[in-house]
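Student: how does the following fold in three dimensions:
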Amino acid sequence: MELTNLNKDRKIRRKPAVDMNTMVFGKIPPQAKELEEAILGAIMLEKSAFDVAIEILKPECFYQESHQRIFRAMQALSNQSKAIDLLTVVEELRTREDLEFVGGPYYVTKLTNAVVSSANIEYHARIVVQKFIQRELIRISSEIIGEAYEDSTDVFDMLDSAEGKLFEITNNHLRRNFDSIDTVIMSTIKKIDDMRSRQDDITGVPTGFPSLDRITYGWQSTDLIILAARPSVGKTAFALNLARSAALHPTKPTAVGFFSLEMSSSQLVTRILSAESEIWLEKISRGKLEDHEMKQLYKKGIERLSKAPIYIDDSAALNIFELRAKCRRLKNKYNVGLIIIDYLQLMSGSADRNSNREQEISKISRDLKSLAKELQVPIIALSQLSREVEKRKEGNKMPQLSDLRESGAIEQDADMVMFLYRPEYYEITANEFGDNNKGETHVKIAKHRNGSLETIKLRALLHIQKFVEDEEGSNEFAAQGQGPQGQGNWRPISEAGNNDARMFIQKGSKMNDEQYDDE
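Tutor: From the prediction side, this is the model:
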């Protein structure tokens with residue numbers, strides 16, 4: 001019995017340990033040992049060399065562990081504002097009990113003999129980083145291969161994990177250099193000259209509303225814009241108006257990526273067709289169209305929109321990693337200049353199941369801002385408001401920044417926060433002068449990092465899913481007694497029996513009202 005156990009132990013000890021991270025296809029992992037030695041030696045020769053190296057390298061970028069420990073000792077000396085030279089590095093390694101591990105004072109001295117000066121340290125450091133990235137890609141690929149063979153691993157969790165690991169490499173090691181101020185000044189002056197020569201004041205993506213363009217000068221690249229409102233106020237309709245205006249602008253059309261986590265692409269297109277053709281949404285949705293209305297739908301709606309560079313993704317439960325990958329592809333393939341997400345609270349963030357929802361939303365908002373900067377495009381993210389608005393006294397229902405749901409990070413990360421407010425949503429049917437405020441919509445800019453805080457008035461024509469300037473909308477409502485485009489006294493089916501054919505009530509989804517509202 002004892003002999004049998006002994007044999008088992010021997011078998012276990014003899015079993016070869018295969019390390020996929022260090023040996024793949026029988027090849028030695030990418031490395032540049034001589035350049036690592038040259039970098040460490042150069043740092044000990046010239047004190048300015050460490051400042052160059054630390055901008056590019058991290059300790060784990062070195063292949064040999066002894067070099068990692070030496071570089072960490074140099075970091076510790078720098079953090080203590082001490083000189084970095086042969087003697088101080090040896091003493092720091094001795095204090096950290098790493099001196100014998102790295103090869104003693106002899107090996108550290110040998111490093112300084114491997115290089116004459118630090119003239120090429122930046123070039124050497126970039127090669128070392130490239131080798132490190134190659135090793136990391138090999139490591140991650142090996143892990144993915146191992147996980148892919150496991151039947152118990154959820155494939156979507158695996159995709160999420162792989163995307164996150166690859167993004168971490170990009171985010172941590174492929175950074176831009178600093179720009180000198182003279183370079184930035186030259187590019188800024190060129191931008192100012194370009195703006196001076198323009199006929200209009202819009203410097204970004206046009207919003208489609210002159211009163212809003214006056215404040216924003218269009219949606220600016222790298223900006224994260226939050227559009228927030230209570231359910232059924234008209235967030236999606238307004239966002240679709242923004243997408244349509246940008247894509248169909250007569251002088252500067254912009255490709256738009258629209259991510260809808262709640263509605264299908266067919267529902268979104270139906271809404272856009274209603275706004276463009278000015279045929280009532282309910283008639284289009286139910287197919288109750290006369291022959292002349294079908295002609296109008298084709299002529300004013302389908303013919304124009306079929307040429308619009310709008311790209312819709314209606315994937316449900318989209319996570320931030322998938323969104324980032326899709327946005328990059330849209331940017332590379334179609335050069336999108338505006339991204340709209342409907343809506344933020346339906347997104348999922350980290351794969352870490354220990355994080356709470358507030359931390360998850362915080363990460364999503366930070367990643368959206370980073371994505372806007374990376375792609376150099378404005379991102380408009382729709383957001384829900386909490387029920388705190390409903391709890392306030394009558395006449396004080398205008399949203400404010402503290403009403404943003406689930407995370408204060410949204411307010412912090414956004415360059416602009418806009419609120420939609422319709423008095424009739426709270427059954428306020430007249431303004432302070434006693435006039436009918438049917439369709440009156442307030443767009444409140446509550447945060448504007450690069451401009452003023454103002455509130456503008458638009459008119460919501462939700463029966464055709466359209467927003468217009470306030471004066472134009474007043475005339476539209478006055479003519480609604482004959483139905484849109486003079487189509488007789490047609491009334492929405494949802495209001496059969498109501499003598500006022502001008503009424504149109506937009507119903508929010510059950511998702512908005514139940515599952516995603518605060519209890």
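
Student: distance from the chain centre to the helix or strand encompassing residue 236, please.
Tutor: Per DSSP states H and E, residue 236 falls inside helix 235-247. Its chain's C-alpha centre and that of helix 235-247 lie 18 Å apart, by Cα atoms, centre = their mean, to the nearest Å.

Student: ditto for stretch 421-432
Tutor: 34 Å.

Student: buried ones in it?
Tutor: For stretch 421-432, the buried set under the neighbour-count rule, 16 or more other Cβ atoms under 10 Å, comprises 421-425. C-beta: built from backbone N, CA, C; applies to glycine.

Student: on that earlier part again, what angle do the helix or strand following the helix holding residue 236 and helix 235-247 make?
Tutor: Later in the chain than helix 235-247, the nearest helix or strand by DSSP H and E is strand 256-260. Per axes from the mean of the first three to the mean of the last three Cα atoms, to 10 degrees, the angle that strand 256-260 makes with helix 235-247 is 160 degrees.

Student: which strand in the chain has the most residues?
Tutor: Under DSSP state E, the strand in the chain containing the largest number of residues is strand 440-448.

Student: elements contacting the helix holding residue 236?
Tutor: Where contact means 3 or more Cβ pairs under 8 Å, 6 or more residues apart in numbering; DSSP states H and E, helix 235-247 is packed against strand 224-229, strand 256-260, helix 265-277, strand 310-313, strand 338-342, strand 379-384, strand 466-469.

Student: coming back round to it: adjacent strands (with direction) for the longest strand of the chain?
Tutor: Under the criterion DSSP bridges, strand 440-448 sits next to strand 416-421 (antiparallel), strand 455-461 (antiparallel) in its sheet.

Student: what angle do that strand and strand 224-229 make?
Tutor: Interaxial angle, strand 440-448 versus strand 224-229 (the same axes, to 10 degrees): 140 degrees.

Student: give me the contact list for strand 440-448.
Tutor: 212, 215-216, 234, 398-401, 411, 414-424, 431, 451-460, 467, 470 (Cβ atoms under 8 Å, 6 or more residues apart in numbering).

Student: can you rerun that using 7 Å?
Tutor: Residues outside strand 440-448 that contact it (Cβ atoms under 7 Å, 6 or more residues apart in numbering): 212, 215, 234, 398-401, 411, 414, 416-423, 453-460, 467.

Student: secondary structure class of the closest residue to residue 46 other than its chain neighbours, three-state.
Tutor: With Cβ to Cβ, 6 or more residues apart in numbering as the criterion, residue 46 has its nearest non-adjacent residue at 4.4 Å, and that residue is residue 118. The three-state assignment at residue 118 reads coil, by DSSP: H, G, I helix; E, B strand; the rest coil.

Student: neighbours around residue 118, how many?
Tutor: 22 (other Cβ atoms under 10 Å).

Student: one more: residue 384?
Tutor: Residue 384, neighbours per other Cβ under 10 Å, totals 22.

Student: quick check: it touching residue 345?
Tutor: Yes - the pair residue 384 / residue 345 is scored as a contact, 5.1 Å apart, by Cβ atoms under 7 Å.

Student: out of the contacts of strand 440-448, which are buried?
Tutor: 212, 215, 234, 399, 401, 411, 414, 416-423, 456, 458-460, 467.

Student: in what helix or strand does the residue nearest the centre of the chain lie?
Tutor: Geometric centre of the chain, nearest residue: residue 368, 2.1 Å, by Cα atoms, centre = their mean. Assigned by DSSP H and E, residue 368 belongs to helix 357-375.

Student: how about that helix: buried residues?
Tutor: 359-372, 374-375.

Student: now, which of the residues you listed sits nearest residue 85?
Tutor: Nearest to residue 85 out of those is residue 370 (Cβ to Cβ; 38.6 Å).

Student: so for the closest residue to residue 238 other than its chain neighbours, what's the pLDDT?
Tutor: Excluding the flanking residues, the one nearest residue 238 by Cβ to Cβ, 6+ apart is residue 467, at 5.6 Å. Note on residue 467: pLDDT of 85.

Student: check residue 127 too.
Tutor: The model's pLDDT for residue 127 equals 91.

Student: between all of the buried residues of stretch 421-432, which two are separated the most?
Tutor: Greatest spatial distance among the buried residues of stretch 421-432 (Cβ to Cβ): 421 and 424, at 10.3 Å.

Student: where does the stretch 401-519 of the chain have low pLDDT?
Tutor: Within the stretch 401-519 of the chain, the stretches with pLDDT under 70 are 405-408, 431-434, 472-519.

Student: list the buried residues in the longest helix belonging to the chain.
Tutor: In the chain, ranked by residue count with DSSP state H as the criterion, the top helix is helix 121-148. Going by neighbour count (16+ other Cβ under 10 Å), the buried part of helix 121-148 is 121, 124-125, 128-129, 131-133, 135-136, 138-144, 147.

Student: mind listing the helices for the stretch 401-519 of the chain?
Tutor: 409-413, 470-478, 510 (DSSP state H, counting those that start in this stretch).

Student: where's residue 401 relative to residue 388, distance?
Tutor: Applying Cβ to Cβ, to the nearest Å, the value for residue 401 to residue 388 is 11 Å.

Student: do residue 418 as well
Tutor: 18 Å.

Student: now do residue 238
Tutor: Distance from residue 238 to residue 388, by Cβ to Cβ: 22 Å.

Student: more neighbours: those two, which one.
Tutor: Taking neighbours as other Cβ under 10 Å, residue 238 and residue 388 compare with residue 238 leading, 24 against 14.

Student: wait, residue 215 touches residue 450, no?
Tutor: No - using Cβ under 7 Å, residue 215 makes no contact with residue 450, being 10.5 Å away.

Student: how many other residues sit next to residue 326?
Tutor: If you count neighbours by other Cβ under 10 Å, residue 326 ends up with 17.

Student: I'd say it and residue 313 touch.
Tutor: Yes - using Cβ under 7 Å, residue 326 makes contact with residue 313 at a distance of 6.2 Å.

Student: quick revisit: what's the following helix or strand past the longest helix of the chain packed up against?
Tutor: Following helix 121-148 in sequence order, the next helix or strand is helix 155-173 (DSSP H and E). Other helices and strands packing on helix 155-173, by 3 or more Cβ pairs under 7 Å, 6 or more residues apart in numbering; DSSP states H and E, are helix 121-148, helix 320-334.

Student: ok, which of these comes nearest residue 42?
Tutor: helix 121-148 (4.8 Å).

Student: do I have it right that residue 134 meets residue 30?
Tutor: Yes - contact status for residue 134 versus residue 30: in contact at 4.1 Å, counting by Cβ under 7 Å.

Student: got any ranges where this protein has weak pLDDT?
Tutor: 1-26, 170-180, 182, 195, 198-200, 349-355, 393-395, 405-408, 431-434, 472-519.

Student: ok, back up a step: of all the helices and strands packed on helix 235-247, which one is nearest residue 438?
Tutor: Of all the helices and strands packed on helix 235-247, strand 466-469 sits nearest to residue 438, with 13.2 Å by Cβ to Cβ.
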